[in-house]
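1. Make a model of this:
(2 chains)
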Amino acid sequence: MTATACLDCGEAWAYDRVRCPACGGRDFEARSLGAGELVATTVSRVTPPGVREPNPLGIARFGAVQVTAQLADDALDAGDEVVLAGEYELRAGERGPRLERA
Amino acid sequence: MHTAVSLGGVGMTRFAADAGDDVRTLLERASTRALDDADVAAAELDGVVVGNMAAEAFEELSGLHNALAASLGAHGAQADRVENTSASGASAFQRGAQAVASGAADTVLVAGGERMSAASTETATGVIGSIVHPEEYVHGVTLPSFGGLAADAYLRRYDAPYEALAAVASKNHGNGARNEYAQFQTEVSVEDAADSPLVADPLRLYDCCPTSDGAAAVVLRAGDKGEVVVRACESAVGTHAVADRDDPLEIASVRTAGERAFDAADRERGAVDVACIHDAFTVLELLELEELGFYDAGTAWRAATDGGTALDGSLPVNPGGGLKARGHPLGATGVSQLVELVWQLRGEADGRQVDCETGLAVNVAGFGNNAVCTLLEGAA
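-> Down below sits the predicted model:
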(Lines give C-alpha, C1' and ligand atoms only; values in the text may rest on other atoms or scores of the structure.)
Protein backbone atom coordinates (compact mmCIF):
# COMPACT_ATOMS: atom_id res chain seq x y z
CA MET A 1 0.00 0.00 0.00
CA THR A 2 1.20 3.50 -0.81
CA ALA A 3 0.26 6.96 0.41
CA THR A 4 -1.02 9.63 -1.94
CA ALA A 5 0.54 13.08 -2.24
CA CYS A 6 -0.89 16.19 -3.91
CA LEU A 7 1.32 17.44 -6.77
CA ASP A 8 0.14 21.01 -6.18
CA CYS A 9 0.79 21.46 -2.44
CA GLY A 10 2.52 18.30 -1.20
CA GLU A 11 -0.24 17.30 1.26
CA ALA A 12 -0.15 13.55 1.80
CA TRP A 13 -2.81 11.08 2.96
CA ALA A 14 -3.40 7.37 3.16
CA TYR A 15 -6.87 6.77 1.76
CA ASP A 16 -8.36 7.54 -1.63
CA ARG A 17 -9.86 10.98 -2.07
CA VAL A 18 -11.24 12.82 -5.07
CA ARG A 19 -9.72 16.17 -4.06
CA CYS A 20 -6.74 17.28 -1.98
CA PRO A 21 -8.13 18.26 1.46
CA ALA A 22 -5.63 21.11 1.77
CA CYS A 23 -5.80 22.88 -1.62
CA GLY A 24 -8.51 21.16 -3.64
CA GLY A 25 -5.94 19.88 -6.14
CA ARG A 26 -6.74 16.81 -8.21
CA ASP A 27 -3.32 15.74 -9.48
CA PHE A 28 -1.72 13.16 -7.21
CA GLU A 29 1.23 10.77 -7.08
CA ALA A 30 1.78 7.57 -5.14
CA ARG A 31 4.37 7.74 -2.39
CA SER A 32 5.96 4.88 -0.48
CA LEU A 33 4.92 4.65 3.18
CA GLY A 34 8.30 3.36 4.35
CA ALA A 35 8.71 2.49 8.02
CA GLY A 36 6.38 3.86 10.68
CA GLU A 37 5.60 3.65 14.38
CA LEU A 38 2.67 1.95 16.06
CA VAL A 39 0.62 4.52 17.97
CA ALA A 40 -2.05 2.31 19.55
CA THR A 41 -3.15 -1.32 19.44
CA THR A 42 -6.19 -3.40 20.31
CA VAL A 43 -7.41 -6.96 19.89
CA SER A 44 -10.93 -7.07 18.53
CA ARG A 45 -12.54 -10.12 20.16
CA VAL A 46 -15.89 -9.96 18.39
CA THR A 47 -15.39 -9.68 14.65
CA PRO A 48 -17.64 -9.36 11.61
CA PRO A 49 -18.37 -12.37 9.41
CA GLY A 50 -15.37 -13.31 7.27
CA VAL A 51 -12.81 -11.66 9.55
CA ARG A 52 -10.37 -13.60 11.75
CA GLU A 53 -11.24 -13.80 15.43
CA PRO A 54 -9.51 -12.45 17.44
CA ASN A 55 -8.34 -9.64 15.17
CA PRO A 56 -5.29 -7.66 16.44
CA LEU A 57 -5.36 -4.13 15.04
CA GLY A 58 -3.21 -1.04 15.24
CA ILE A 59 -2.92 2.58 14.22
CA ALA A 60 0.51 3.37 12.79
CA ARG A 61 2.02 6.72 11.90
CA PHE A 62 4.17 7.02 8.77
CA GLY A 63 5.38 10.61 8.92
CA ALA A 64 2.32 12.75 8.23
CA VAL A 65 0.22 9.76 7.22
CA GLN A 66 -1.56 7.30 9.51
CA VAL A 67 -3.34 4.05 8.78
CA THR A 68 -5.51 1.63 10.74
CA ALA A 69 -4.64 -1.97 9.83
CA GLN A 70 -4.43 -5.53 11.00
CA LEU A 71 -1.31 -6.57 12.92
CA ALA A 72 0.71 -9.48 11.54
CA ASP A 73 1.94 -10.32 15.03
CA ASP A 74 -0.15 -9.84 18.17
CA ALA A 75 3.02 -9.20 20.19
CA LEU A 76 3.40 -5.85 18.42
CA ASP A 77 2.84 -2.92 20.76
CA ALA A 78 2.67 0.88 20.68
CA GLY A 79 6.10 2.34 20.00
CA ASP A 80 7.24 -0.57 17.79
CA GLU A 81 8.62 0.20 14.32
CA VAL A 82 6.44 -1.33 11.60
CA VAL A 83 5.95 -1.56 7.85
CA LEU A 84 2.69 -2.17 5.98
CA ALA A 85 3.62 -5.20 3.94
CA GLY A 86 2.83 -8.71 2.78
CA GLU A 87 -0.36 -10.18 1.42
CA TYR A 88 -2.80 -11.67 3.88
CA GLU A 89 -6.47 -12.56 3.83
CA LEU A 90 -7.99 -9.53 5.60
CA ARG A 91 -11.63 -10.49 5.08
CA ALA A 92 -13.12 -13.40 3.21
CA GLY A 93 -12.22 -12.81 -0.44
CA GLU A 94 -10.13 -9.69 0.24
CA ARG A 95 -6.36 -9.72 0.54
CA GLY A 96 -3.89 -7.00 1.46
CA PRO A 97 -0.97 -6.00 3.69
CA ARG A 98 -0.74 -6.05 7.47
CA LEU A 99 1.46 -4.10 9.84
CA GLU A 100 4.63 -6.17 10.26
CA ARG A 101 7.58 -5.59 12.55
CA ALA A 102 10.14 -3.54 10.59
CA MET B 1 -31.09 31.75 16.42
CA HIS B 2 -33.61 34.32 15.26
CA THR B 3 -36.95 33.30 16.71
CA ALA B 4 -36.60 31.81 20.21
CA VAL B 5 -37.29 28.06 20.36
CA SER B 6 -38.86 26.32 23.36
CA LEU B 7 -39.30 22.68 24.25
CA GLY B 8 -43.00 22.33 24.86
CA GLY B 9 -43.14 18.66 25.72
CA VAL B 10 -41.15 15.42 25.74
CA GLY B 11 -41.77 11.69 25.80
CA MET B 12 -40.01 8.41 25.21
CA THR B 13 -40.40 4.66 25.36
CA ARG B 14 -38.42 2.51 27.73
CA PHE B 15 -35.33 1.40 25.83
CA ALA B 16 -35.04 -2.37 25.58
CA ALA B 17 -33.05 -5.17 23.99
CA ASP B 18 -36.25 -6.19 22.19
CA ALA B 19 -39.21 -3.84 22.50
CA GLY B 20 -41.53 -6.20 20.64
CA ASP B 21 -42.91 -3.49 18.35
CA ASP B 22 -41.69 -2.08 15.06
CA VAL B 23 -40.06 1.34 14.87
CA ARG B 24 -43.23 2.96 13.57
CA THR B 25 -45.10 1.91 16.70
CA LEU B 26 -42.25 3.05 18.95
CA LEU B 27 -42.18 6.45 17.22
CA GLU B 28 -45.96 6.79 17.63
CA ARG B 29 -45.77 5.94 21.32
CA ALA B 30 -43.00 8.44 22.08
CA SER B 31 -44.66 11.11 19.93
CA THR B 32 -48.08 10.87 21.54
CA ARG B 33 -46.42 11.15 24.95
CA ALA B 34 -44.56 14.29 23.84
CA LEU B 35 -47.70 15.82 22.30
CA ASP B 36 -49.71 15.11 25.45
CA ASP B 37 -46.92 16.54 27.60
CA ALA B 38 -46.91 19.70 25.46
CA ASP B 39 -50.72 19.81 25.30
CA VAL B 40 -50.41 20.17 21.54
CA ALA B 41 -52.79 18.53 19.05
CA ALA B 42 -51.18 16.85 16.06
CA ALA B 43 -53.23 19.09 13.77
CA GLU B 44 -51.28 22.07 15.12
CA LEU B 45 -47.95 20.69 13.90
CA ASP B 46 -46.26 22.53 11.03
CA GLY B 47 -43.45 20.04 10.85
CA VAL B 48 -42.58 16.45 11.68
CA VAL B 49 -38.92 15.41 11.60
CA VAL B 50 -37.90 11.81 12.20
CA GLY B 51 -34.38 10.74 13.09
CA ASN B 52 -33.60 7.17 12.09
CA MET B 53 -30.48 5.50 10.77
CA ALA B 54 -31.39 2.29 9.07
CA ALA B 55 -35.00 1.12 9.21
CA GLU B 56 -34.64 -0.26 5.68
CA ALA B 57 -31.82 -2.56 6.78
CA PHE B 58 -33.11 -3.45 10.24
CA GLU B 59 -36.80 -3.84 9.42
CA GLU B 60 -37.32 -3.35 5.69
CA LEU B 61 -39.25 -0.15 6.42
CA SER B 62 -38.97 3.31 4.89
CA GLY B 63 -41.08 6.47 4.79
CA LEU B 64 -41.22 6.59 8.59
CA HIS B 65 -41.94 10.32 8.71
CA ASN B 66 -44.98 10.08 6.43
CA ALA B 67 -46.31 7.09 8.32
CA LEU B 68 -45.89 8.89 11.65
CA ALA B 69 -47.48 12.14 10.49
CA ALA B 70 -50.46 10.27 9.04
CA SER B 71 -50.93 8.10 12.11
CA LEU B 72 -50.84 11.09 14.45
CA GLY B 73 -53.12 13.17 12.25
CA ALA B 74 -50.59 15.86 11.39
CA HIS B 75 -52.26 16.44 8.04
CA GLY B 76 -50.52 18.94 5.81
CA ALA B 77 -47.42 19.24 7.98
CA GLN B 78 -43.99 19.32 6.34
CA ALA B 79 -42.41 15.98 7.12
CA ASP B 80 -38.90 14.63 6.58
CA ARG B 81 -36.51 12.03 7.83
CA VAL B 82 -32.92 12.82 8.79
CA GLU B 83 -30.13 10.22 8.71
CA ASN B 84 -26.82 10.92 10.41
CA THR B 85 -25.91 7.41 11.63
CA SER B 86 -25.81 7.34 15.44
CA ALA B 87 -26.46 11.10 15.62
CA SER B 88 -29.63 10.95 13.53
CA GLY B 89 -31.73 11.98 16.53
CA ALA B 90 -29.84 15.16 17.34
CA SER B 91 -29.57 16.04 13.66
CA ALA B 92 -33.34 15.71 13.35
CA PHE B 93 -33.65 17.98 16.38
CA GLN B 94 -31.30 20.50 14.79
CA ARG B 95 -33.40 20.57 11.62
CA GLY B 96 -36.58 21.03 13.64
CA ALA B 97 -35.04 23.81 15.75
CA GLN B 98 -33.74 25.55 12.64
CA ALA B 99 -37.20 25.42 11.07
CA VAL B 100 -38.72 27.12 14.11
CA ALA B 101 -35.85 29.59 14.56
CA SER B 102 -36.07 30.65 10.91
CA GLY B 103 -39.79 31.24 11.07
CA ALA B 104 -40.53 28.44 8.62
CA ALA B 105 -42.57 26.65 11.30
CA ASP B 106 -44.15 27.44 14.64
CA THR B 107 -44.69 23.98 16.09
CA VAL B 108 -42.57 20.95 15.18
CA LEU B 109 -42.47 17.38 16.41
CA VAL B 110 -39.03 15.74 16.40
CA ALA B 111 -39.00 11.99 16.96
CA GLY B 112 -36.02 9.64 16.89
CA GLY B 113 -36.33 5.89 16.83
CA GLU B 114 -34.65 2.62 15.92
CA ARG B 115 -35.48 -1.04 16.25
CA MET B 116 -32.20 -2.89 16.06
CA SER B 117 -33.46 -6.22 17.40
CA ALA B 118 -35.48 -6.99 14.29
CA ALA B 119 -32.35 -7.92 12.35
CA SER B 120 -30.04 -10.87 12.88
CA THR B 121 -26.79 -10.17 14.70
CA GLU B 122 -24.98 -10.65 11.39
CA THR B 123 -27.19 -8.10 9.63
CA ALA B 124 -26.95 -5.62 12.52
CA THR B 125 -23.16 -5.96 12.57
CA GLY B 126 -23.08 -5.34 8.83
CA VAL B 127 -25.32 -2.26 9.07
CA ILE B 128 -23.29 -0.71 11.86
CA GLY B 129 -20.01 -1.72 10.21
CA SER B 130 -20.98 0.13 7.06
CA ILE B 131 -20.37 3.40 8.91
CA VAL B 132 -16.58 2.96 8.90
CA HIS B 133 -14.31 4.07 6.07
CA PRO B 134 -13.98 1.37 3.36
CA GLU B 135 -10.19 1.22 3.76
CA GLU B 136 -10.65 0.52 7.47
CA TYR B 137 -13.61 -1.79 6.89
CA VAL B 138 -11.48 -4.20 4.83
CA HIS B 139 -9.29 -4.78 7.89
CA GLY B 140 -12.33 -5.86 9.90
CA VAL B 141 -12.32 -2.67 11.96
CA THR B 142 -15.49 -2.26 14.02
CA LEU B 143 -16.66 0.64 16.17
CA PRO B 144 -15.60 -1.19 19.36
CA SER B 145 -12.16 -1.59 17.71
CA PHE B 146 -11.89 2.18 17.43
CA GLY B 147 -12.93 2.42 21.06
CA GLY B 148 -10.23 -0.07 22.00
CA LEU B 149 -7.55 1.79 20.06
CA ALA B 150 -8.54 5.12 21.63
CA ALA B 151 -8.70 3.59 25.10
CA ASP B 152 -5.25 2.01 24.65
CA ALA B 153 -3.82 5.39 23.58
CA TYR B 154 -5.59 7.27 26.41
CA LEU B 155 -4.57 4.98 29.26
CA ARG B 156 -1.02 4.74 27.94
CA ARG B 157 -0.50 8.47 27.34
CA TYR B 158 -1.96 9.64 30.64
CA ASP B 159 -0.76 6.71 32.72
CA ALA B 160 -4.34 6.05 33.80
CA PRO B 161 -5.53 2.71 35.19
CA TYR B 162 -8.20 0.61 33.47
CA GLU B 163 -10.39 1.26 36.51
CA ALA B 164 -10.85 4.83 35.25
CA LEU B 165 -12.92 3.40 32.40
CA ALA B 166 -14.73 0.99 34.69
CA ALA B 167 -15.62 3.95 36.93
CA VAL B 168 -17.49 5.52 34.02
CA ALA B 169 -19.40 2.29 33.42
CA SER B 170 -20.22 1.92 37.12
CA LYS B 171 -21.42 5.53 37.42
CA ASN B 172 -23.64 5.34 34.36
CA HIS B 173 -25.15 1.99 35.33
CA GLY B 174 -25.81 3.43 38.79
CA ASN B 175 -27.67 6.32 37.17
CA GLY B 176 -29.56 3.96 34.88
CA ALA B 177 -30.73 2.05 37.94
CA ARG B 178 -32.62 5.22 38.90
CA ASN B 179 -34.23 5.68 35.48
CA GLU B 180 -37.38 3.70 34.69
CA TYR B 181 -36.78 4.29 30.97
CA ALA B 182 -33.31 2.74 30.97
CA GLN B 183 -32.59 -0.60 29.30
CA PHE B 184 -30.36 -1.64 32.20
CA GLN B 185 -31.58 -0.75 35.68
CA THR B 186 -29.06 -2.61 37.80
CA GLU B 187 -25.94 -1.35 39.54
CA VAL B 188 -22.56 -2.49 38.19
CA SER B 189 -19.50 -2.16 40.41
CA VAL B 190 -16.05 -1.18 39.19
CA GLU B 191 -14.99 -4.75 40.02
CA ASP B 192 -17.88 -6.22 37.97
CA ALA B 193 -16.87 -4.10 34.99
CA ALA B 194 -13.19 -4.98 35.37
CA ASP B 195 -14.05 -8.69 35.47
CA SER B 196 -16.30 -8.66 32.39
CA PRO B 197 -15.06 -10.25 29.13
CA LEU B 198 -12.71 -8.36 26.84
CA VAL B 199 -14.35 -6.97 23.69
CA ALA B 200 -11.57 -4.82 22.19
CA ASP B 201 -8.62 -4.57 24.58
CA PRO B 202 -8.58 -2.80 26.94
CA LEU B 203 -12.36 -2.33 26.58
CA ARG B 204 -14.53 -4.93 28.24
CA LEU B 205 -18.20 -5.76 27.93
CA TYR B 206 -19.30 -3.07 30.39
CA ASP B 207 -17.30 -0.44 28.52
CA CYS B 208 -19.57 -0.84 25.49
CA CYS B 209 -23.15 0.28 24.96
CA PRO B 210 -25.76 -2.33 24.00
CA THR B 211 -27.88 -2.57 20.88
CA SER B 212 -31.38 -1.33 21.65
CA ASP B 213 -34.92 -0.67 20.54
CA GLY B 214 -36.64 2.56 21.46
CA ALA B 215 -37.92 6.01 20.53
CA ALA B 216 -37.93 9.50 22.01
CA ALA B 217 -39.74 12.66 20.95
CA VAL B 218 -39.93 16.38 21.68
CA VAL B 219 -42.28 19.17 20.65
CA LEU B 220 -40.64 22.46 19.65
CA ARG B 221 -42.53 25.74 19.72
CA ALA B 222 -41.71 29.28 18.69
CA GLY B 223 -41.14 31.69 21.57
CA ASP B 224 -39.37 31.65 24.89
CA LYS B 225 -42.43 31.08 27.08
CA GLY B 226 -41.81 27.37 27.54
CA GLU B 227 -40.24 25.87 30.63
CA VAL B 228 -37.13 24.92 28.67
CA VAL B 229 -35.51 27.02 25.94
CA VAL B 230 -33.06 25.94 23.22
CA ARG B 231 -30.05 28.23 23.53
CA ALA B 232 -28.00 26.60 20.78
CA CYS B 233 -27.87 23.52 18.57
CA GLU B 234 -24.75 23.27 16.42
CA SER B 235 -23.03 20.49 14.51
CA ALA B 236 -19.80 19.73 12.66
CA VAL B 237 -18.26 16.93 10.64
CA GLY B 238 -14.91 15.39 11.49
CA THR B 239 -12.82 12.99 9.41
CA HIS B 240 -14.44 9.84 8.07
CA ALA B 241 -11.39 7.62 8.58
CA VAL B 242 -10.16 7.65 12.18
CA ALA B 243 -6.59 7.24 10.86
CA ASP B 244 -6.91 10.58 9.08
CA ARG B 245 -6.73 12.33 12.47
CA ASP B 246 -3.39 13.69 13.58
CA ASP B 247 -4.02 12.19 17.00
CA PRO B 248 -6.13 9.07 17.71
CA LEU B 249 -7.54 10.87 20.77
CA GLU B 250 -8.80 13.78 18.68
CA ILE B 251 -12.55 14.13 18.05
CA ALA B 252 -12.60 17.40 16.15
CA SER B 253 -16.31 17.15 15.35
CA VAL B 254 -17.17 17.29 19.07
CA ARG B 255 -14.72 20.10 19.73
CA THR B 256 -16.04 22.22 16.85
CA ALA B 257 -19.72 21.57 17.54
CA GLY B 258 -19.15 22.46 21.19
CA GLU B 259 -17.30 25.67 20.41
CA ARG B 260 -20.05 26.70 18.01
CA ALA B 261 -22.76 25.95 20.55
CA PHE B 262 -21.07 27.89 23.36
CA ASP B 263 -20.44 30.81 20.98
CA ALA B 264 -24.03 30.80 19.69
CA ALA B 265 -25.46 30.66 23.23
CA ASP B 266 -22.92 33.17 24.56
CA ARG B 267 -22.27 30.91 27.54
CA GLU B 268 -19.11 29.72 29.28
CA ARG B 269 -18.36 26.08 30.14
CA GLY B 270 -18.90 26.87 33.79
CA ALA B 271 -22.55 27.69 33.13
CA VAL B 272 -23.33 24.04 32.36
CA ASP B 273 -24.83 22.21 35.35
CA VAL B 274 -25.52 18.81 33.76
CA ALA B 275 -24.32 17.03 30.61
CA CYS B 276 -25.50 14.12 28.48
CA ILE B 277 -22.43 12.77 26.69
CA HIS B 278 -22.31 10.17 23.89
CA ASP B 279 -20.72 7.32 25.85
CA ALA B 280 -21.04 4.57 23.26
CA PHE B 281 -17.78 3.43 24.86
CA THR B 282 -16.62 4.56 28.28
CA VAL B 283 -13.49 6.17 26.87
CA LEU B 284 -15.67 8.40 24.70
CA GLU B 285 -17.22 10.05 27.76
CA LEU B 286 -13.71 11.09 28.84
CA LEU B 287 -12.55 12.21 25.39
CA GLU B 288 -15.72 14.21 24.69
CA LEU B 289 -15.65 15.97 28.07
CA GLU B 290 -12.09 17.03 27.28
CA GLU B 291 -12.89 18.09 23.70
CA LEU B 292 -15.83 20.16 24.98
CA GLY B 293 -13.48 22.03 27.31
CA PHE B 294 -14.83 20.80 30.64
CA TYR B 295 -11.51 19.16 31.52
CA ASP B 296 -7.95 19.53 30.31
CA ALA B 297 -6.64 16.74 28.09
CA GLY B 298 -5.82 13.67 30.14
CA THR B 299 -7.69 14.73 33.28
CA ALA B 300 -11.34 13.71 32.79
CA TRP B 301 -10.56 10.21 34.07
CA ARG B 302 -9.74 11.65 37.47
CA ALA B 303 -13.21 13.25 37.58
CA ALA B 304 -14.68 9.81 36.88
CA THR B 305 -12.71 8.12 39.68
CA ASP B 306 -13.10 11.03 42.14
CA GLY B 307 -16.87 11.38 41.71
CA GLY B 308 -16.73 14.74 39.94
CA THR B 309 -19.11 13.49 37.23
CA ALA B 310 -21.44 11.65 39.63
CA LEU B 311 -24.97 12.89 40.39
CA ASP B 312 -23.64 14.83 43.37
CA GLY B 313 -20.41 15.90 41.63
CA SER B 314 -19.41 19.29 40.29
CA LEU B 315 -20.59 18.31 36.79
CA PRO B 316 -23.10 15.44 36.75
CA VAL B 317 -22.65 13.51 33.50
CA ASN B 318 -25.22 11.14 32.01
CA PRO B 319 -27.71 11.24 34.88
CA GLY B 320 -30.14 9.09 32.87
CA GLY B 321 -27.56 6.33 32.46
CA GLY B 322 -26.08 7.43 29.15
CA LEU B 323 -25.86 5.15 26.14
CA LYS B 324 -24.19 2.63 28.45
CA ALA B 325 -27.23 1.97 30.63
CA ARG B 326 -30.21 3.80 29.12
CA GLY B 327 -29.35 2.07 25.83
CA HIS B 328 -28.47 3.15 22.32
CA PRO B 329 -31.26 2.75 19.75
CA LEU B 330 -29.23 4.72 17.19
CA GLY B 331 -31.75 7.25 15.84
CA ALA B 332 -33.43 7.68 19.23
CA THR B 333 -30.36 8.43 21.30
CA GLY B 334 -29.84 12.11 20.49
CA VAL B 335 -33.49 12.89 21.24
CA SER B 336 -33.45 10.83 24.43
CA GLN B 337 -30.51 12.89 25.72
CA LEU B 338 -32.66 16.02 25.32
CA VAL B 339 -35.66 14.36 26.98
CA GLU B 340 -33.44 13.63 29.99
CA LEU B 341 -32.19 17.23 30.06
CA VAL B 342 -35.76 18.55 29.95
CA TRP B 343 -36.78 16.32 32.85
CA GLN B 344 -33.73 17.53 34.76
CA LEU B 345 -34.37 21.21 33.97
CA ARG B 346 -38.04 20.89 34.95
CA GLY B 347 -37.10 19.18 38.22
CA GLU B 348 -38.93 15.98 37.27
CA ALA B 349 -36.06 13.48 37.29
CA ASP B 350 -37.24 11.58 40.35
CA GLY B 351 -34.47 9.64 42.05
CA ARG B 352 -31.67 11.17 39.99
CA GLN B 353 -32.49 14.90 40.05
CA VAL B 354 -29.55 17.29 39.98
CA ASP B 355 -29.57 21.00 40.73
CA CYS B 356 -29.51 22.59 37.27
CA GLU B 357 -30.47 25.53 35.12
CA THR B 358 -28.37 24.78 32.03
CA GLY B 359 -27.81 21.44 30.32
CA LEU B 360 -25.62 20.28 27.45
CA ALA B 361 -25.97 17.26 25.19
CA VAL B 362 -23.59 15.92 22.57
CA ASN B 363 -24.62 13.19 20.13
CA VAL B 364 -21.90 11.68 17.95
CA ALA B 365 -22.11 9.93 14.57
CA GLY B 366 -19.85 6.94 14.06
CA PHE B 367 -16.56 7.32 15.90
CA GLY B 368 -16.58 11.09 15.58
CA ASN B 369 -17.55 11.43 11.92
CA ASN B 370 -20.05 14.09 12.95
CA ALA B 371 -21.32 15.61 16.20
CA VAL B 372 -24.27 17.71 17.33
CA CYS B 373 -24.07 19.81 20.50
CA THR B 374 -27.17 21.32 22.12
CA LEU B 375 -27.49 23.73 25.04
CA LEU B 376 -30.83 23.93 26.86
CA GLU B 377 -31.84 26.26 29.70
CA GLY B 378 -34.68 26.16 32.14
CA ALA B 379 -36.96 29.16 32.36
CA ALA B 380 -35.53 31.78 34.69
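2. what's the residue positioned nearest the centre of chain B in contact with, if anything?
-> The residue lying closest to the centre of chain B (CA atoms, centre = their mean) is residue B:334, at 3.4 Å. Residues in contact with residue B:334 (CB atoms under 8 Å, 6 or more residues apart in numbering or on different chains) are B:51, B:87, B:88, B:89, B:90, B:91, B:92, B:93, B:112, B:361, B:363, B:372. (C-beta placed from N, C-alpha, C; glycine too.)
3. quick one: the host helix or strand of the fifth one to chain centroid distance?
-> Taking DSSP states H and E as the criterion, residue B:90 maps to helix B:88-102. Taking CA atoms, centre = their mean, to the nearest Å, one finds helix B:88-102 lying 14 Å from the centre of the chain it belongs to.
4. buried ones in that helix?
-> B:88-101 (16 or more other CB atoms under 10 Å in any protein chain shown).
5. likewise stretch B:223-238?
-> Applying 16+ other CB under 10 Å to stretch B:223-238 flags B:226, B:228, B:229, B:230, B:231, B:232, B:233, B:234, B:235, B:236, B:238 as buried.
6. and the next element down the chain from the helix or strand harbouring residue B:289?
-> Assessed by DSSP H and E, residue B:289 sits inside helix B:282-291. Sequence order places helix B:300-306 as the next helix or strand after helix B:282-291, per DSSP H and E.
7. which residues make contact with that next one from outside it?
-> Everything outside helix B:300-306 that qualifies as a contact, by CB under 8 Å, 6+ apart, is B:154, B:158, B:160, B:163-165, B:167-168, B:171, B:285-287, B:289-290, B:294-295, B:308-309, B:313-315.
8. Buried ones among those residues?
-> B:154, B:158, B:160, B:163-165, B:167-168, B:171, B:285-287, B:289-290, B:294-295, B:308-309, B:315.
9. is chain A contacted by stretch B:228-243?
-> Yes - against chain A, stretch B:228-243 shows contacts by CB under 8 Å from any CB of the partner chain at B:241, B:242, B:243.
10. For these, could you give me JSON lines that also reports pLDDT, neighbour count and secondary structure?
-> What follows is these, written out as JSON lines (pLDDT from 0 to 100; neighbours: other CB atoms under 10 Å in any protein chain shown; DSSP: H, G, I helix; E, B strand; the rest coil):
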{"residue": "B:241", "pLDDT": "85", "neighbour count": "22", "secondary structure": "coil"}
{"residue": "B:242", "pLDDT": "87", "neighbour count": "26", "secondary structure": "helix"}
{"residue": "B:243", "pLDDT": "85", "neighbour count": "25", "secondary structure": "helix"}
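11. Can you tell me which of those residues is nearest residue B:21?
-> residue B:242 (34.9 Å; CB to CB).
12. Up against chain A, what does the stretch 51-200 of chain B have?
-> Residues of the stretch 51-200 of chain B lying near chain A (CB under 8 Å from any CB): B:122, B:125-126, B:129, B:133, B:135-136, B:138-142, B:144-145, B:148-153, B:156, B:197-200.
13. Separate out the buried members of the residues you listed.
-> B:125, B:129, B:133, B:135-136, B:138-142, B:144-145, B:148-153, B:156, B:198-200.
14. on that earlier part again, looking at the buried residues of stretch B:223-238, which is nearest residue A:25?
-> Checking the buried residues of stretch B:223-238 one by one against residue A:25 (CB to CB), the nearest turns out to be residue B:238, at 22.0 Å.
15. dump the residue contacts of the residue lying closest to that closest one once chain neighbours are set aside.
-> Residue nearest to residue B:238 in three dimensions, not counting chain neighbours: residue B:253, with 3.4 Å by CB to CB, 6 or more residues apart in numbering or on different chains. Residues counted as contacts of residue B:253 (CB under 8 Å, 6+ apart) are B:235, B:236, B:237, B:238, B:364, B:365, B:368, B:369, B:370, B:371.
16. now for those, which pair is the farthest apart?
-> B:235 and B:368 (12.3 Å).
17. How about the residues of chain A by chain B?
-> A:13-16, A:39-52, A:55, A:57-59, A:66-70, A:78, A:90-91, A:94, A:96.
18. Make a PyMOL selection of the buried ones in these.
-> In PyMOL syntax, the buried subset of the residues of chain A next to chain B is picked out as below (16+ other CB under 10 Å):
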select buried, chain A and resi 13+14+15+39+40+41+42+43+44+45+46+47+48+51+55+57+58+59+66+67+68+69+70+78+90+91+96
